[in-house]
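S.K.: Build me a structure from this.
(one chain, ligands or ions: 1)
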Amino acid sequence: MTSYTVLNPATEQPVSTVPGTSSEETDAAIARAEVAQRAWRSVAPGDRASLLRAFAAQVDAHAEELARLEVENSGHPVGAARWEAGQVRDVLQYYAAAPERLIGKQIPVAGGLNVTFAEPLGVVGLIVPWNFPMPILSWGMAPALAAGNTVVAKPAEMTPLTAMRIGELALEAGLPEHVFQVLPGKGSVVGQRLVHHPAVRKIVFTGSTEVGQQIMAGCAKQVKRLTLELGGKSANIVFADADIERAAATAPYAVFDNAGQDCCARSRILVGDPTLADTEMGPLISASHRANVAKYVPDGAPVAFRGSAPAGPGYWFPPTVLAPIGSGAPAYTDEIFGPVVTVTPFEDEADAIEIANDTPYGLSGSIWTSNIGRAIRVARAVETGNLSVNSHSSVRYWTPFGGFKQSGLGRELGPDALDAFTETKNVFISTQE
Ligand code: NDP
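M.R.: Model (predicted):
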């Protein structure tokens, strides 16, 4: 087994040395997960629920430790990291209620009846990006386990530490061995094996659209189930009749939260006049990612505002607002995944909708208006999976989440999430003598 060093993006100092899982080790973990699943699916629903509640309690008891680990590994501000650890606990608790509600239907038919069962799929492969290592892990892990699947998770190479600790907490909480395994390592090695191994019956992938397309092609070879949560280029549409002060006060959070490394970042503000608030944010994840983000603000770019960033070590990038730029400019069209936002004026409602939809993505967005009819009209017309009205936040674990167009396939979260982790078995029972 090789190993690699994980860096703190705020200091550029080593945090930990982590094993880089090989292809063969991934295969062995999948084989263990396959065996463990036969027993896990047979655990009585109430007992599976209790184990998930114990797992949630264990995460809660170690929330501060997990938050501190995330601060070191991902550079998230501690307040955000505490929220993220709490999210893992809450998502586990929410889906702990699911095993006892996994019921089928009975359908009367001529000569008997049909009954349906929601059967677990088997081994689920979970591939997680570096921007929200804990929440995104939990969104796939918790419903998959609740449905009776075992999970092999691959955290992003740069941010594996909290996922690895959560794997230990699962065991400490009493989950049977190999029901939930975490394999740190490369996407091109561990991720690829999860996609191509026939015993993995579903992939849950969150990451870039480009890699998502490759994963979809890989899954197609085995007709493997797949959930894709991909990139975004979301609009924050501010109408003149909105509470402008509130819209302006939250606009920075809508795009600069997590240093803009947020798939739901509203990185296009459609409005007349940009207003900024002070933002508190951490560094970007790596030097190479910072170089990518910097390309969107070349010399001579129409910078309307630029915040400050700490000098010295760390992959810092100042929050940056670009004045109106052409609709062909990369900052206008691409997912920047950093704290850079463009401001674009619009004429009327139809124009705002057209600009908002002028992107291959469709993940998120916000609408600011005091006119409820307009809010609903525009929400229905914007081609995107998650919208908020007079708010910058649209992600809640008890409501469905996922993208339109090239932002993804399938829905995570909410009460129906287990549909994606089960298959329906339909059994006819004859009542003939
Ligand atoms: P990547 O697509 O580069 O990586 C995501 C994960 O996939 C990582 O664990 C990565 O491993 C792995 N991976 C990379 N290549 C392969 C491969 N060939 N086969 C299997 N696995 C692979 O995305 P980023 O980490 O850069 O994350 C940023 C992207 O994620 C943005 O586009 C963002 O919008 C999107 N995102 C979407 C969300 C949503 O819910 N829709 C939420 C959060 C982020 P490795 O670490 O080795 O690169």
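S.K.: quick one, what contacts residue 256?
M.R.: Residues in contact with residue 256, defined by Cβ atoms under 8 Å, 6 or more residues apart in numbering, are 279, 281, 319, 339, 341. Glycine gets a C-beta too; all of them are placed from N, C-alpha and C.
S.K.: What does the pLDDT read for residue 369?
M.R.: At residue 369 the predicted local confidence, pLDDT, stands at 97.
S.K.: and the residue nearest to residue 26 when sequence neighbours are not counted, how many neighbours does it have?
M.R.: Closest residue in space to residue 26, ignoring its immediate chain neighbours: residue 193 at 4.0 Å, by Cβ to Cβ, 6 or more residues apart in numbering. For residue 193, the neighbour count with other Cβ atoms under 10 Å is 24.
S.K.: now swap in residue 288 and tell me
M.R.: As a burial measure, residue 288 scores 9 neighbours (other Cβ under 10 Å).
S.K.: Correct me if wrong, but it is in a strand.
M.R.: No - residue assignment for residue 288, taken from DSSP: H, G, I helix; E, B strand; the rest coil, gives helix, which places it outside any strand.
S.K.: quick one: it from the ligand, how far?
M.R.: 10 Å (Cβ to the nearest ligand atom, to the nearest Å).
S.K.: Report the two of the contacts of residue 256 separated the most.
M.R.: The largest distance within those, taken as Cβ to Cβ, falls between 281 and 341 and amounts to 12.9 Å.
S.K.: May I have the strand or helix carrying the residue nearest to residue 26 as CSV, with CA atoms only?
M.R.: Following DSSP states H and E, one finds residue 193 within helix 192-196. Listed next in CSV are the C-alpha coordinates belonging to helix 192-196 (Å, rounded to 0.1, in the frame of the first residue of the first chain):
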residue,chain,number,x,y,z
GLN,A,192,-12.7,3.5,-11.2
ARG,A,193,-12.9,0.1,-9.5
LEU,A,194,-16.2,1.0,-7.8
VAL,A,195,-17.6,1.9,-11.3
HIS,A,196,-16.3,-1.2,-13.0
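S.K.: And the ligand, is that helix touching that?
M.R.: Yes - counting by Cβ under 6 Å from any ligand atom, the ligand has neighbours in helix 192-196: 192, 195.
S.K.: one step back: now, among the contacts of residue 256, which is nearest to residue 42?
M.R.: The shortest distance between residue 42 and any of the contacts of residue 256, using Cβ to Cβ, involves residue 281 and amounts to 46.6 Å.
S.K.: That closest one and the ligand, how far apart?
M.R.: From residue 281 across to the ligand, the span is 16 Å (Cβ to the nearest ligand atom).
S.K.: and that residue, what does it touch?
M.R.: Contacts for residue 281 were tallied using Cβ under 8 Å, 6+ apart; they are 77, 256, 257, 258, 259, 260, 319, 339.
S.K.: Doesn't it lie inside a strand?
M.R.: No - with three-state DSSP as the criterion, residue 281 is coil rather than part of a strand.
S.K.: Stretch 416-433 close to the ligand?
M.R.: No - residues of stretch 416-433 contacting the ligand under Cβ under 6 Å from any ligand atom: none, with a closest distance of 13.1 Å.
S.K.: pretty sure residue 20 is in contact with residue 186, am I right?
M.R.: Yes - using Cβ atoms under 8 Å as the test, residue 20 is close enough to residue 186 to be in contact (6.6 Å).
S.K.: Quickly list what's touching both of these two.
M.R.: Each of residue 157 lies in contact with both residue 20 and residue 186 under the rule Cβ under 8 Å, 6+ apart.
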